[in-house]
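S.K.: Requesting a structural model of the entry that follows:
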Amino acid sequence: MHRISWFIAIVAFVLAPLPFGSVDLIWIWIWTALLTASLLTANLSRVCSSDLWVVGPMGAVLLLLCALTVFQISPGVSDVLADPFWRIARDVAGVTEPNRISTTASVPWIAFGSCVLFVLALLRAYLLATDEKAARQVLRAIAYAGFAYAVYGILAHLLAPTTLLWRSKEYYLPYATGTFVNRNTAAAFWGSCSVLFLGRLAPIASDALLLAHRPHYSSFTDHPATLAVGVLTCLVATGMTGSRAGVLLTLLSLACLANLHLMQLRFQSRHYWLGAGAVTAATIVGFLVIGGNVIGRVGLFGLTDGQRAEVYRTSLKIMRGHELLGIGVGNFETAFPPYRPESLGSHGIWDKVHSTPLEMMISIGLPLGATICAIAAFFWARMLWGAFSRLRDRDIPATAASVFLLGVLHSCIDFSLQIAGFAVIFAAISGCGLAQSISTTRRPQRI
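M.R.: Numbering: from 1, shown residues only. Sure, this is the predicted structure:
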């Protein structure tokens, strides 16, 4: 039963990016059902009391978010709490709808499904990764799935640039997007996979150098040449997206992981700074090699996007009067048009803020939004602590911390974590890093 449960979870993790990033609601239901079934049959033999520091906050936040969502769509709230659109609809259009906190009557409950899926993916990966061998299997499966998606993305862009799987490609024709519709999300996904490959390659390469002999590799997938091909392929695919933030943050995350590994080795100061200098030089060379499209776009548009800055300012206006309870999960698309500034003209469809933390604050209010941000910071700190405190398997929390850095920073200026296909991958990697940040000595022995 446990092996079937493991297989179901892996299927959900590796296939989530396939159907156009799982943006359609049907796929969110499918992955939620699969992960729920896998979770109900999970092996809990290696769970310990220290896991409450991770599972507790996740469960508490999900319950609070569920209660808030129900409250947001509940009818008959006072005029003080209600969104003024309901009063305007009654006065102008003559509708008989009662007051609600939410801008819409049902969207928050539908959008809540994505939140449930994210927590399920994080929790299922966490429980799997309480065993070090299972954690490596999860990360290896995700990495090589990302490699397969990268190969497809490169070949599809070169041979059939106007197609996206079995559909016609309508957006981002000059760039590779793989199975995703949005090239920025594809860049974050492939960048995360390149970090996974480097996370496994770095300790193997350093062991070979320090031991001064050829080590034995348990499988073809762990051979340095194979891992190097994986890193390079995912980096090439990332560069072909032309995503400025995606390429830059990928290189930043790779440099972060390399430095974490160097510090873990506890070299002498001279050796560390030599290694850090080599990492910096490799990052610059990597940007020049894979960032041709990005360099052109930076020269043409600069590093910042004026339209996004305008949307951010408008979003802060929408938040006024909704600081405590928000406008409802998933309601930005409905709430934005009345506030849309003239400077944006008629160009662009702004169904998201292009900043997940900012949209979260607007949707659920500042108190709960700030709480989630604080928990995210705590999780990242915990992974970093595991990377330094563990005596063995430190590469797993270090790799997850680097991917976490990439995903969170990218979501601050885009909506990659709001795309289920990437959110599931991100949650699974984070769950592995969090589980392996706890020392093996605290867990029960394998049965």
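
S.K.: where does G348 land in three-state SS?
M.R.: At G348 the chain is in coil, as set by DSSP: H, G, I helix; E, B strand; the rest coil.

S.K.: Ok, the one 5 residues further on next?
M.R.: Taken by three-state DSSP, the conformation at V353 corresponds to coil.

S.K.: Could you count how many residues lie near D91?
M.R.: 9 (other CB atoms under 10 Å). C-betas here are computed from N, CA, C, even on glycine.

S.K.: how close does it get to I318?
M.R.: 21 Å (CB to CB, to the nearest Å).

S.K.: got it, and E97?
M.R.: Applying CB to CB, the value for E97 to I318 is 20 Å.

S.K.: So for these two, which residue has more residues nearby?
M.R.: It is I318, of E97 and I318, that has more neighbours when counted by other CB under 10 Å, with 20 against 12.

S.K.: buried set for stretch 66-86?
M.R.: Residues 68-69, 72-73, 77, 82-83, 85-86 are the ones in stretch 66-86 that count as buried (16 or more other CB atoms under 10 Å).

S.K.: no, scratch that, I was asking about stretch 162-169
M.R.: Of the residues in stretch 162-169, those with enough neighbours to count as buried (16+ other CB under 10 Å) are 164, 169.

S.K.: Stretch 44-56 now?
M.R.: 46-47, 51, 54-55.

S.K.: how far away is S45 from Q436?
M.R.: 16 Å.

S.K.: go on, A9?
M.R.: 16 Å.

S.K.: Equivalent analysis for R320, please.
M.R.: Taking CB to CB, one finds R320 at 43 Å from Q436.

S.K.: who's more crowded, the two?
M.R.: Between R320 and Q436, counting by other CB under 10 Å, Q436 is the more crowded of the two (30 against 7).

S.K.: list the contacts for D51?
M.R.: 126, 130, 435, 438 (CB atoms under 8 Å, 6 or more residues apart in numbering).

S.K.: So which of the buried residues of stretch 66-86 are in helices?
M.R.: Taking DSSP state H, the ones among the buried residues of stretch 66-86 that sit in helices are 68-69, 72-73, 85-86.

S.K.: CSV please, covering the buried residues of stretch 44-56 and showing secondary structure and distance to A370.
M.R.: Listed next are those as CSV, based on DSSP: H, G, I helix; E, B strand; the rest coil; distance: CB to CB, whole Å:
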residue, secondary structure, distance to A370
R46, coil, 33
V47, coil, 29
D51, helix, 25
V54, helix, 19
V55, helix, 21
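
S.K.: for those, which one is nearest I204?
M.R.: For the buried residues of stretch 44-56, the residue nearest I204 by CB to CB is R46; the value is 25.4 Å.

S.K.: Dihedrals phi and psi, that closest one?
M.R.: R46 adopts backbone torsions of phi -110, psi 10, taken as degrees, to the nearest 10.
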